[in-house]
Each structure stands twice: as C-alpha cells, then as structure tokens.
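>>> have a look at this prediction, sequence included:
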Amino acid sequence: MAPASGQDIEPAEYDPDRDLGALLPPGPWDDLGAEFTRLHAASNAHGRGTDLERLLDRLFRRAHFTVKHNPPAADRQIDLMISSRDGTFIVEAKWESTPAGQDVVDNLRVRVKEVGRQAVGVLVTVAGITKPSADRIVRYREEALIVVLDEADIRVLLEDPYELAGMLGYKRTRLEMDGHVHLGAEGTHRQGSGRQQAQVLPDSTRQIVALDGTPQPSADAPGRVTRAVFTLDLPDLDWNYSGGFGVSLDVPIGFRTEAELLDALHRLNELGWLSRHTHWTIQKSGRVWHGVGARSFEAMLPGWRDRGSSDGPQWFGERITLFDKIQDGWFCLSADLHCGESRRAAFTRLSFHLPGVPVDQGPLQQLVGQFGVPLRGFYRPLSAPSITRGTVELPRPVLEVVGRITEQGHDDAWTVGVVAKNPYFEAASKNAPDGWPWELAETGLLVCAVRSQHPADLGPYTLWSWESSAAADSTVIKVIVDW
C-alpha cells in the first residue's frame, strides 16, 4: 500500500539508536563509549574487568567526583572510593558472564561497613544481579546501603557523566524509601515528579482562531528547522534598571525521552514557572507548527506521526522550543526529538535571560534540583541590551492574515495578535528590511503582536517593527503589526 501523502516513512532496517547517533555531531564523551564498545568485543574476560575499572575511573573523574584506589581507610581491598559533596561511595566493578550473586553483595557490604555508615556501596555489574542478591540488598539495607549500576546505567553515564550524581541519588532513594533495588534496565534513571494524574498544565488565556472564528490547536506552514520561537510578550531586562546589562544562564537537563520532557513541564508548573502566556514551536524539515499555551503543547507533542513533511529532504527528527516569561525575564526549553517509537531527546536545555545574578538563588537551585541534575553552568553577562529592535520603513507591507490570536475580555474576545503569511519567506528574504532576523526567512508564517489591541478584526494589518533576543539554542522574536 502506498504511503499517505505527507507521511515520513522510515526504512525497514531503521535502527533508532544507531541512526539517531549518526545524525548528531560527535559528543564530548564519545571516547568513553568507544572504549566500552571495544571492551565488549574483547575475549579476555579477566583483562576486561580490569579495563572496566580504568574506564570507570575516567568516567567518575569527568563527573567531577574525587577518585581513590585502595584507600587506607579500608581494611580490605576496594576497587574505587569516590566522593562528592553528596557523600562517599565504595565501588565494586564486575564484568562477568553471569549476574552478580549473593557473595559479591555480601563482600561489598562488609567493605562499606568498615568505611562507616556515611558511605554507600555501588556495585557496577555489566551482567546485572540475581533476584536473591537484590533481595539481600533490601533485607540488610539498615546495615549498609548498596545501589547497583547495570549495563543500561553505564551506557547512560558514558553518554553524559554528569548524570552520575542524580542517578546515584535516585537509586538510593528507591532503596531507602521503597525497598527496591533499581536497575537501568527498568528504563528510568531519575526521580519522577510524583504528580497527581489529574493535574494539568495551565491553559493559555489566548487562542489561535481561523478567520471565521473557529479555534485552532496550532498554526502551521512550510518552513525549516531554526532557532526561532514567536511571542507576543518579550520582557526587556534593562527597562527597570539603570546602567549595565542582564545575564544569561544555560542549563543542560539531559532528558532523553518525550515522556521525560513532558514531565519536566509539569515540574516547571508545580514550582510556578509556567504562565498562561507560553508560546511554542515544533519544527521539522519542510514544516513548522506554532502554538500558544503549555496545555496545547502537551497535547500536540505526542502526535509526531501526524506531522509528516513531504517538502524538502527528510530528517527523522523535530526541534521543539517553548518560551515563557518570568518576573523581569524569560526562559526557553529546547530539545531535538527523534521521530520514532523511542522518541529520544537530545540537546535538552533550559536557557534563562535575567536582569542580573539573583541574590537568592534558591528558586533556581530548587528548579534544577527537581530534574536530578546539578546546576552546572555560568551566569554570562550580556554585552549589549537584551533586545535587538528594528523598524519597517515606509511603505510598510500589508500582510495577508490567515488567523487571529484572541484573548477574552470582560465582554468580548479581543484581538491581541494575528497569524500572517511571511512576505519575506525564502527567496523573498532578499527584500527584507535591514536587520530583519535571519531565522524568519525559514518560516512561512509570522505570529505577530498588534500595537493596539481591539475587540474585532479591523484590518488590514501592516508590518510595523520587530524585537528579538537570542539565547544559546533559541531566538525569541516579537513581530509587531498595526492596523
């Protein structure tokens, strides 16, 4: 049967883990993964175990843990002792053909007890552990805590060593609170939000409507993958402050699936970081979708099968960007998602633009802590005003409007924005005004704020000006029209 028009069809032999990696640039930890692959193919089992210990040494150091071999604090031989601000861990590494048995668990427990109750045992076993061994860890967890890293965990850490602290904390919590020995083979590596199923993300006070007034879940048009996301409200970091400029902060949060990405939105909401004025975009090669509201984004994201693109070269992935404003600033959540059953995510990042370095960093620490990753990164001072502005000179182009963005007033729905065809799309970009954001040459639609809001579609609308602000992986753009 011929495929439906506009649908992306994956080759029958498509391997998401292999082929997604081929689409991405080399990562900073690729040498660790390559070494693990080499060890997997090695025939010398004894030598492989020794090499695994060396590989773990490199991995732990890259996670910024202190590493010691055979520390003097222990009466018995210890493979590795690692420590960070979160505590001390006694590591036993095993790479055998069968899962680790009870004798391995008991020997590690003795070593942990010799070091002291502040230490936690970490059993690294590529082949996993037996059920009796897991039961024994649970039964004697009052004497010593032992968490287990299996092959699935190791592969996650080889891809990003910074996951180590959050992973160990999650496994420890599962053991202490739930009496469960967590393994990476279960498919999760960090704490869930524990939210009520009935909890929903905030709906937007605004909605996109067709010219006949019919509500639309999104507005889509031809386009290509860029950094751009539209907004009707772009906070000026410099407005309330005299002298100097704002700061930016980019935090990689490492989510690897669509489900984890959506869970991140719920965590943002629980801590009060989501408003009713969220804007988002989903971009594929050949087509772009624009929307308003976190709830509509949550409903839209899982429908990747319906977002086929028949225009241009096929890329089995999509770029998502979500923008929201916070007090005196804004943030973007961005990621690349694989269009396949795995829905793997890469390059997931939270980017903030703030008026300055906050005196109380508790809210940011709390937010990032919810994601099970350390708050790593730096406040970077902006070297110029946060917003770049431009004005369209006369004669201003009249836009072809295809939809409106409305917000309910006391009596009527007011027009606060319009969706219009981009007069400077693709080849027409050569006619764009000086300073026009280059990203806008790649989208067939403009989502625009109106200079003066009104209760009806008055029109016609002319392109008036624009504002933009760039973060690490996103550019927020406010296009302004007048009527």
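The structure has been received and is ready for your questions. Numbers count the residues shown, from 1 in each chain.
>>> how close does residue 38 sit to residue 184?
Distance of residue 38 to residue 184, given as CB to CB, to the nearest Å: 21 Å. Where C-beta positions appear, they are placed from N, C-alpha and C, glycine not excepted.
>>> neighbour count winner among those two?
Counted by other CB atoms under 10 Å, residue 38 and residue 184 do not tie: residue 184 has more neighbours, with 20 against 12.
>>> ok, now which ones touch that one?
Taking CB atoms under 8 Å, 6 or more residues apart in numbering as the criterion, residue 184 is in contact with 149, 150, 151, 152, 153, 154, 155, 156.
>>> tell me the pLDDT of it.
Residue 184 carries a pLDDT score of 87 in this model.
>>> check the one 10 residues further on too.
For residue 194, the model assigns a pLDDT of 48.
>>> what does residue 177 give?
Looking at residue 177, its pLDDT is 89.
>>> can you check residue 255 too?
Value listed for residue 255 in the pLDDT field: 63.
>>> now swap in the one 4 residues further on and tell me
At residue 259, the model reports a pLDDT of 86.
>>> secondary structure class for it?
Residue 259 falls in the helix class when you classify it by DSSP: H, G, I helix; E, B strand; the rest coil.
>>> that one is in contact with residue 345, isn't it?
No - here residue 259 lies out of contact with residue 345, judged by CB atoms under 8 Å, at a distance of 9.5 Å.
>>> ok, those two, which is more surrounded?
The residue with more neighbours, out of residue 259 and residue 345, is residue 345; 22 against 15, by other CB under 10 Å.
>>> check which helix or strand covers that one.
Following DSSP states H and E, the helix or strand that holds residue 345 is strand 345-354.
>>> flag every buried residue along the very next helix or strand once past that strand.
For strand 345-354, the following helix or strand on the C-terminal side (DSSP H and E) is helix 362-369. Applying a neighbour-count criterion of 16 or more other CB atoms under 10 Å, one finds 364, 367, 368 buried in helix 362-369.
>>> what of stretch 433-447?
Across stretch 433-447, burial judged by 16+ other CB under 10 Å covers 436, 437, 439, 440, 441, 442, 443, 444, 445, 446, 447.
>>> burial check on the closest residue to residue 68 other than its chain neighbours, number of neighbours?
Distances taken as CB to CB, 6 or more residues apart in numbering put residue 81 closest to residue 68, at 4.6 Å, once the chain neighbours are dropped. By other CB under 10 Å, 22 other residues sit near residue 81.
>>> chain center to the helix or strand hosting residue 81: distance?
In this structure, residue 81 is located in strand 80-84 according to DSSP H and E. Its chain's C-alpha centre lies 29 Å from the corresponding centre of strand 80-84 when counted by CA atoms, centre = their mean, to the nearest Å.
>>> now tell me what touches that strand from outside.
Here strand 80-84 makes contact (CB under 8 Å, 6+ apart) with 53, 56-57, 60, 63-69, 71, 73-74, 88-91, 93, 115, 122, 165.
>>> okay, the angle between the helix or strand harbouring residue 166 and helix 362-369?
When elements are assigned from DSSP H and E, residue 166 belongs to helix 164-178. Orientation note: helix 164-178 sits at an angle of 80 degrees relative to helix 362-369 (axes from the mean of the first three to the mean of the last three CA atoms, to 10 degrees).
>>> can you give me how far helix 164-178 is from the chain middle?
Relative to the centre of its chain, helix 164-178 is centred 21 Å away, using CA atoms, centre = their mean.
>>> same check on stretch 469-483?
Relative to its parent chain, stretch 469-483 has a centroid offset of 21 Å by CA atoms, centre = their mean.
>>> could you do stretch 327-345 as well?
Relative to its parent chain, stretch 327-345 has a centroid offset of 5 Å by CA atoms, centre = their mean.
>>> how long is that stretch end to end?
End-to-end distance for stretch 327-345: 29 Å, by CA to CA, to the nearest Å.
>>> the nearest residue to residue 294 once chain neighbours are set aside: what's it in contact with?
For residue 294, ignoring the flanking residues on the chain, the nearest one in space by CB to CB, 6+ apart is residue 201 at 4.1 Å. In this structure, residue 201 makes contact with 265, 266, 269, 274, 294, 295, 297, 298, judged by CB under 8 Å, 6+ apart.
>>> is it true that the fifth one touches residue 278?
Yes - the criterion here is CB under 8 Å, and residue 294 meets it with residue 278 at 4.5 Å.
>>> shared neighbours, these two?
What both residue 294 and residue 278 touch, as defined by CB under 8 Å, 6+ apart, is the set 202, 204, 322, 324.
>>> next one, pLDDT for the last one please.
Predicted confidence (pLDDT) at residue 324: the value is 94.
>>> and what of the first one?
At residue 202, the pLDDT value in this model is 85.
>>> the chain should start at 4 in everything you say after this.
Got it, first residue is 4 now, which makes that one residue 205.
>>> can I assume it sits in a strand?
No - when the secondary structure is assigned by three-state DSSP, residue 205 falls in coil instead of a strand.
>>> what's the spacing between it and residue 333?
Following CB to CB, the distance that separates residue 205 from residue 333 is 16 Å.
>>> again with the third one
Relative to residue 333, residue 325 is positioned 11 Å away (CB to CB).
>>> who has more neighbours out of the two?
residue 325 (25 against 22).
>>> in three-state terms, how would residue 298 be classified?
Using three-state DSSP as the criterion, the local structure at residue 298 reads helix.
>>> quick check: bridge partners of residue 410?
The residues paired with residue 410 through beta bridges, assigned by DSSP bridges, are residue 209, residue 417.
>>> surely it and residue 417 touch.
Yes - with contact defined as CB under 8 Å, residue 410 and residue 417 form a contacting pair (5.5 Å).
>>> overlap in contacts, those two.
Listed as contacting both residue 410 and residue 417 by CB under 8 Å, 6+ apart are residue 456.
>>> the stretch 4-153 of the chain: helices as residue ranges?
Applying DSSP state H, counting those that start in this stretch to the stretch 4-153 of the chain gives helices spanning 19-26, 33-44, 48-65, 105-118, 134-142.
>>> now for the fourth one, which elements pack on it?
Where contact means 3 or more CB pairs under 8 Å, 6 or more residues apart in numbering; DSSP states H and E, helix 105-118 is packed against strand 90-97, strand 122-128, helix 134-142, strand 149-152.
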